[in-house]
Structures are given as structure tokens and as C-alpha cells.
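Trainee: Build me a model:
(2 chains, ligands or ions: 2)
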Amino acid sequence: MAKPRIATTSLAGCFGCHMSVLDIDERILKLAELVDFDKSPINDIKRFSADCAVGLIEGGCCNDENVEILRAFRKRCKVLVAVGECALMGGLPAMRNGVPLKECLREAYLDGPSVVDGLIPADAELPLLLDQVYPCNEVVKIDYYLPGCPPSADLIWEALVALLTGNDADLPYELIKYD
Amino acid sequence: MMTSEKITFYIDEIECTATQGQSILEAADENGVYIPRLCHQPDLLPGGSCRVCTVSANGRNQAACTTPVANDMIIENGSEEILDLRRAVIEMLFIEGNHYCPMCERSGNCELQAIAYRLKILAPRFPFMFPSRKLDATHPGIFIDGNRCIQCGRCVRAAQQIDKKPILGFIGRGGAVRIKASSTEGLKGVDISPDDACVKACPVGAIIVKDTAYRKPIGERMFDKQPIGSEIEARRTS
Ligand code: SF4
Ligand code: FES
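Mentor: Ligands and ions are numbered 1, 2, ... in the order given. A predicted model of the protein is given here:
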């Protein structure tokens, strides 16, 4: 039987959650026995090659490209897991939600104290910023949530094993943290 | 009238004793049974506003901090129904403010977060509201971040009842209620110091004394290893 496939992506996140995935240390060998990795920054595969059992989403949606990728993950993955505070509630990037987008851009690119010859980037190649940073579940249906900034490697491991084996996750007190 | 008459009651089938006149929450504490609470603080009159302490008492949902315990009362504290109701209350507190735990100096020592951990909340079931709230940074030593205030009123009651100076209060109504220093100049305009009971009363990161953050590394903070309420449960004899 073919191994289940797993895909991962980092949207408006800092890659910290992916670092935490790698932080499972030698258990990564066991993971490689359990699954095949599809599209993911870990193997640098850019396109889906097949439908996946599990998709891990790091980061929320701050631009149109994030939305597009997240929707593609929803289409191709049977189970979507929001990994980390940014995917779950917007996280640090969502701190801009209280400030109008124009003001954010003006402060960053025109009025900021270290800006010289400021210019608001507007190249057509750049993804378009959204008015707010959106938690993933406001864009697509999310099946499971792993909190933490980042979630600990143990939490990610417990959750993955539970998902892949169809058992309930055993989440002791120390594993659930929001920071 | 308070009398010292002893009464017997039951929490999740544990036989407990209490003194006539005690609240369910006080009596539970003495018997080593933890009932989660946010607006309650032992040295203040009960506020009864957060509803996190809701238990089923003789079949009716009641706030344990304001309901007197009665002889033969049957209390449910740990049923799935009560736990889920509490989870919902805690989740609502998270979504209606701006609680960015990763960047809050109170993280690890925050009662709201600790109760969420204890109840094993992975994510709120309600959509985040991202309200627009103000920061009062007018004072040199203390600030109030309205984004993190859960309107528990502990600071307001502590200012009145312990510090004996009504320097904090709520303005607005319903969902628009906000904590505020009672001066048009904000905190700068009131007589407040880091040692005041009203400053120490805040269970979350809404009232912060400057230059005190991040003194303990992750792993050694108050609720990193021990769930909130462990100290109460340690009192349990039977
Ligand atoms: S500032 Fe703190 S103590 Fe005061 S009402 Fe808000 S959360 Fe409660
Ligand atoms: S602790 Fe009882 S209502 Fe808040």
C-alpha cells in the first residue's frame, strides 16, 4: 500500500513552525517511514504531485497568494491542520489589524525613522496585501489546530502520529502552550 | 447571619464540609477542590461577572463565587457539560479582546491563559473580533493595555476596597465596556503605584508594571509545569 502523503506550507509565518517540525529530531526518520512528503519547503517541492492525507499550514493569510495556496491545500489535502498561532489567529502579523493598511504602508515605506527616499512597493509581481491578516479558518475549513509560537516538536509529533494512525492524540498539560 | 454551623455537601461525589454562609467556591477551596475562576480574588468582595466558576448546584447552573453553599447540596464541577460551558466562556474572552500570547509579557503567568491550558483549549470555536482598543501609556511606571483587559473588575474592586481610592473604573456598556483611569489625563493623572493592590489584582496582561517583564525563563513561569489550581488541589485530604 502506498504511504500517505503529507504537504506543508508557510503562509504569513516566520518558518518557526517548520523549524519545530524539524525539531522532532531523529523521529523524522520514523516520519519518513510513515509518510511521503509532497509539496513542502522542507524538500523544496513546489507543486502537488498527488492528493495528500495531511496538510500542515503555518501562518495566516496576509496577501492574495496566501489565500490561493491555502485554497489549493484545502482541495488537495484530506485533513488540514493549522499549525501555530499565526495560522490559528493571525499571530504577530495580525497586530496590524488595528491599523488601516494605508497607514501601515506609509509608516513602513515613507515615514519610518530609517527610511531614505521612500517608495511604497507596487511591482505587479508582488502579491497584493489584504486589508487584514486572516486566521486560516476564516478562509477555508480547518480540521485541527495546534497552538504555540511555535508549537513544540512533541505536540506536532503527537498530533501527526495520532492523525496517521487514526488514534486519539495524547496531549499532556505541558504540550498545550500559546507561546 | 454567619454562624459556625457545619454543613455537608458533595462536589462530583466527593463529600465536603463547609461553614454556613460560605460561598460554594470558598468551601470548595477549603476542601481542596479547584473551581476555575477569573473575577474572584479571595481578599475582595465577589464580583460574579465572569461566569468561569459556573457549577451545577442541585441541577441549576450557578456562579460558585456568589452562591452560598447549602446542606446536602449536590454540585457538579467536572462534568463534560460544565467543562464545555467554561471552555466557551474562556474562548469568548480570547476572541473578544486582542490576546497575542506570544508577545505578551504576562504569558506563562496569566490566569486566563492558564485556565485555557487546564481546560485543554486548542483554539476558540468563535471567530476573532480584533477590536480596536486603546493603550494608556501616560504613566512613567505603569501602563494599561485595553487589548488584553477581560473586564473582570478585580482592579476596580481592589482600588475601592483595599487601596481605598477609586482611581480605576469602567466606561461604556456591554461589548464596548473599557477599563479606564479616573482622570482625563489617564493613568498619569491618578495616584497609582506599582505596589497598589489594584495593580497586582490584574489576572492578565492588561495592567503592567514597566521593567518587570521576562524575569523568569520559559519553563520556570507560574503555569509552565503546574496547572492553575494545583495549590488548591494539594489541600485535598481524602
Ligand atoms: S485591567 Fe485587569 S484587573 Fe482590571 S478589569 Fe481589566 S483584566 Fe480585570
Ligand atoms: S469567579 Fe465567579 S463569576 Fe467570576
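Trainee: now the longest helix along chain B, how far from the centre of its chain.
Mentor: Looking across chain B with DSSP state H, the single longest helix is helix B:80-96. From the chain centre to the centre of helix B:80-96 is a distance of 13 Å (CA atoms, centre = their mean, to the nearest Å).
Trainee: after that helix, next one along is what?
Mentor: helix B:111-118 (DSSP states H and E).
Trainee: between that next one and helix B:80-96, how many degrees?
Mentor: Here the directions of helix B:111-118 and helix B:80-96 differ by 140 degrees (axes from the mean of the first three to the mean of the last three CA atoms, to 10 degrees).
Trainee: For helix B:111-118, which outside residues touch it?
Mentor: Applying CB atoms under 8 Å, 6 or more residues apart in numbering or on different chains, the contact partners of helix B:111-118 are A:173, A:176-178, B:36, B:38, B:52, B:86, B:90-91, B:93-94, B:99, B:101, B:106-107, B:150, B:203-204, B:222-223, B:227-229. (Each C-beta comes from the backbone N, C-alpha and C, glycine too.)
Trainee: Which members of these additionally contact ligand 2?
Mentor: Residues of the contacts of helix B:111-118 in contact with ligand 2 (CB under 6 Å from any ligand atom): B:38, B:52.
Trainee: which of the contacts of helix B:111-118 are buried?
Mentor: A:176-178, B:36, B:38, B:52, B:86, B:90-91, B:93-94, B:99, B:101, B:106-107, B:150, B:203-204, B:223, B:227-229 (16 or more other CB atoms under 10 Å in any protein chain shown).
Trainee: Just to be sure, residue B:15 is in a strand?
Mentor: Yes. Judged by DSSP: H, G, I helix; E, B strand; the rest coil, residue B:15 forms part of a strand.
Trainee: looking at it, it is touching residue B:8, isn't it?
Mentor: Yes. Counting by CB atoms under 8 Å, residue B:8 is a contact partner of residue B:15 at 6.4 Å.
Trainee: can you pull the buried residues of stretch A:57-72?
Mentor: Neighbour-count burial for stretch A:57-72 [16+ other CB under 10 Å]: A:57, A:58, A:59, A:60, A:61, A:62, A:66, A:67, A:69, A:70, A:72.
Trainee: Which strand residues bridge residue A:54?
Mentor: In this structure, residue A:54 bridges to residue A:6, residue A:79 when assessed by DSSP bridges.
Trainee: Count the residues that sit near it.
Mentor: By the criterion of other CB atoms under 10 Å in any protein chain shown, residue A:54 has 22 neighbours.
Trainee: list the contacts for it?
Mentor: Residue A:54 neighbours (CB under 8 Å, 6+ apart): A:4-7, A:35, A:77-81, A:160, A:163-164.
Trainee: now do 7 Å
Mentor: A:6, A:77, A:79, A:81, A:163 (CB atoms under 7 Å, 6 or more residues apart in numbering or on different chains).
Trainee: Report the two of those separated the most.
Mentor: A:77 and A:163 (11.2 Å; CB to CB).
Trainee: returning to what we had before: now, the most widely separated pair of the buried residues of stretch A:57-72?
Mentor: A:62 and A:72 (16.8 Å).
Trainee: which bits of chain B sit near ligand 1?
Mentor: By the rule CB under 6 Å from any ligand atom, the part of chain B lying against ligand 1 is B:149-155, B:179, B:201-202, B:204, B:206-207.
Trainee: Just the residues you listed: which are in strands?
Mentor: In strands, judged by DSSP state E, the following of those are found: B:179, B:207.
Trainee: among the residues of chain B next to ligand 1, which are in helices?
Mentor: Per DSSP H, the subset of the residues of chain B next to ligand 1 in helices is B:154, B:155.
Trainee: Reformat the residues of chain B next to ligand 1 into CSV and put distance to chain A and pLDDT next to each item.
Mentor: CSV is the format used below for those (distance: CB to the nearest CB, whole Å; pLDDT from 0 to 100):
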residue, distance to chain A, pLDDT
B:149, 15, 98
B:150, 15, 97
B:151, 19, 97
B:152, 19, 97
B:153, 24, 97
B:154, 22, 98
B:155, 23, 98
B:179, 17, 97
B:201, 22, 98
B:202, 18, 98
B:204, 12, 98
B:206, 16, 98
B:207, 19, 98
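Trainee: Make a markdown table out of the residues of chain B next to ligand 1 and add distance to residue B:139.
Mentor: As requested, the residues of chain B next to ligand 1 are arranged in a markdown table below (distance: CB to CB, whole Å):
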| residue | distance to residue B:139 |
| --- | --- |
| B:149 | 16 |
| B:150 | 21 |
| B:151 | 21 |
| B:152 | 21 |
| B:153 | 20 |
| B:154 | 19 |
| B:155 | 14 |
| B:179 | 14 |
| B:201 | 17 |
| B:202 | 14 |
| B:204 | 18 |
| B:206 | 14 |
| B:207 | 10 |
